[in-house]
Every structure is written in C-alpha cells, then in structure tokens.
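Novice: Next input, structure requested:
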Amino acid sequence: MFIRNLKPEEVDLIRRVEIFIKDASRTREGRDPSHVFEVVRMSVEIARRVGHSVHPLILVLTPLFNELGALVTGDSAIAGFVGASLSESYLKVSGVSDLERIQIVRAVALTGTYGVMAPETIEERIVSDAMRLNDMGLVGLVRGIGAHLHDPEEFLQEKLATYQADFEGLFFDESRQLGESLFNQARILAESFSKAFRLRPVSIEQIVLPQ
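Specialist: Presented below is the predicted three-dimensional model:
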C-alpha cells in the first residue's frame with residue numbers, strides 16, 4: 001500500500017523522465033521502452049497488494065532511471081550506477097527533497113546492478129521482483145531469443161535453468177501470486193522453443209537428400 005498519492009509536480013517529473021527514455025530509445029536499435037513501463041506497472045501492482053508502506057515516487061522513478069542507465073551502458077552490471085548518477089544530477093534540480101533524492105539514488109544503484117547487489121528497502125525489493133517477473137514474461141523471453149539468435153538453444157537452456165530459481169527468489173508472496181501464470185507460460189514456451197531448435201538440422205549430413 002502506498003503512503004500517499006503522487007503530487008501533481010511529481011507526476012510531471014515522472015513524465016519528463018519518460019520523455020528522456022523515449023528519446024534515448026530512438027538511438028538504440030531494438031530497444032523498446034515498453035518493457036520498463038511494464039516493470040513500473042508490475043511494481044505498482046505489487047505495491048498495492050503488499051502489507052507494507054511504499055513511497056510512490058521512489059517506486060516509480062527507480063525502474064525509469066535504471067532504464068536510462070541501461071540505455072547508456074547496455075544491460076551491464078554497471079547500468080545501475082550510471083542510472084544512479086543520472087538520477088542524482090537530475091533530481092538535484094527537480095525540487096525533490098534531499099532525503100527522497102538519496103533514497104531514489106540508492107534504490108536505482110541497488111536494483112540496477114541486477115544479481116550483483118541485494119536490494120534492502122521495500123521499494124527496492126518490489127522493483128527487483130517486478131524486474132524478475134518482466135524477464136519471466138513471454139515478451140521478455142522473445143526479446144532474449146532475439147538478442148541470442150547466434151545460439152538460441154544455449155540461451156533457452158540457461159533460461160529454463162534460472163526460471164525456477166528466479167521465481168522462488170521473489171521477495172513477496174504477492175509477487176509470486178502475480179507472476180505464477182507468467183512463470184508457467186514462459187516455461188512452457190521456452191521448452192517448446194528449445195525442442196523446436198533441437199529438431200532443426202544443423203548440417204546437410206542430417207538431411208536425407210534425393211540421390
């Protein structure tokens with residue numbers, strides 16, 4: 001549950017960051033900003049379900065600045081720190097309180113270093129869960145295959161191996177309830193894709209030629 005509603009000036013701030021993301025995405029081929037908006041949507045949905053007090057501005061800005069960091073560096077381990085640096089600079093001139101700015105910068109740094117640093121606050125854990133759920137979804141799976149067309153079978157095997165651990169590693173029961181259908185659908189689809197790739201011939205020798 002949220003501790004309060006967003007203020008009008010905070011909504012304006014969020015929309016300005018959205019413009020930054022969309023503009024930056026145009027220069028990165030194959031980078032669709034819709035996935036970060038899905039992370040925001042899932043974060044908001046989880047926050048509404050959990051029995052903890054959640055700060056709405058921290059929750060919404062954290063994945064958005066994470067995405068800006070990733071647009072600069074790609075999906076690397078330092079994307080969170082780059083996004084944190086961008087958020088620090090921008091929030092200093094945006095009328096956000098010093099305390100909120102510090103909390104947002106920290107949340108961006110910890111959640112953006114996916115699998116490297118452990119989130120601690122409620123907002124950080126919710127965003128971390130939402131990022132995992134987004135990766136488990138069908139769109140996340142298809143995006144991953146598209147980025148690994150040189151060896152999709154290896155990618156799918158790795159995905160299948162991590163799905164269960166990622167699902168069990170979610171911080172909140174509410175996240176698991178929200179993501180159970182996503183998890184099952186993506187797992188079935190990944191297994192189907194993997195089987196299809198295994199059945200494809202990889203050489204002429206595997207084809208019965210008319211001779």
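Novice: Would you indicate which residues of stretch 72-79 are buried?
Specialist: 72-73, 78-79 (16 or more other Cβ atoms under 10 Å). Every residue, glycine included, has its C-beta placed from N, CA and C.
Novice: Quick one: end-to-end length of that stretch, please.
Specialist: 8 Å (Cα to Cα, to the nearest Å).
Novice: Give me the residues contacting that stretch.
Specialist: 24, 66, 69-70, 82-83, 86, 112-114, 116 (Cβ atoms under 8 Å, 6 or more residues apart in numbering).
Novice: Is it possible to mark the buried ones in the residues you listed?
Specialist: By neighbour count, with 16+ other Cβ under 10 Å, those hold 24, 66, 69-70, 82-83, 86, 112-114 as buried.
Novice: Find the residue closest to the residue most central in space within the chain in space, skipping its chain neighbours.
Specialist: Geometric centre of the chain, nearest residue: M131, 3.3 Å, by Cα atoms, centre = their mean. Closest residue to M131 apart from its sequence neighbours, by Cβ to Cβ, 6 or more residues apart in numbering: V39 at 5.6 Å.
Novice: neighbours of that neighbour, just the number please.
Specialist: 24 (other Cβ atoms under 10 Å).
Novice: same check, this time on E100
Specialist: 15.
Novice: Surely it and I58 touch.
Specialist: Yes. Assessed by Cβ atoms under 8 Å, E100 is found in contact with I58 at 6.8 Å.
Novice: about what we covered before: from the buried ones among the contacts of stretch 72-79, which single one is nearest E180?
Specialist: Distance ranking of those against E180, using Cβ to Cβ, places Y114 first at 21.4 Å.
Novice: all helices for the chain, in order.
Specialist: Remark: helices assigned in the chain by DSSP state H are 8-25, 34-49, 56-73, 79-92, 98-112, 122-136, 138-147, 152-168, 173-199.
Novice: Turn those into a markdown table, columns for mean pLDDT and distance to Q206.
Specialist: Output for those, formatted as a markdown table (pLDDT from 0 to 100; distance: least, Cβ to Cβ, whole Å):
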| stretch | mean pLDDT | distance to Q206 |
| --- | --- | --- |
| helix 8-25 | 93 | 41 |
| helix 34-49 | 92 | 37 |
| helix 56-73 | 94 | 39 |
| helix 79-92 | 94 | 41 |
| helix 98-112 | 95 | 44 |
| helix 122-136 | 92 | 33 |
| helix 138-147 | 69 | 22 |
| helix 152-168 | 78 | 15 |
| helix 173-199 | 83 | 10 |
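Novice: can you put those in TSV and add distance to V208?
Specialist: What follows is the helices of the chain, written out as TSV (distance: least, Cβ to Cβ, whole Å):
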stretch	distance to V208
helix 8-25	47
helix 34-49	43
helix 56-73	47
helix 79-92	48
helix 98-112	51
helix 122-136	39
helix 138-147	29
helix 152-168	22
helix 173-199	15
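Novice: Out of those, which is closest to I207?
Specialist: Taking the helices of the chain one by one with Cβ to Cβ, helix 173-199 is closest: 12.5 Å.
Novice: hmm, which two among the buried residues of stretch 72-79 are most spread apart?
Specialist: Longest span within these, Cβ to Cβ: V72 and I78, 9.5 Å.
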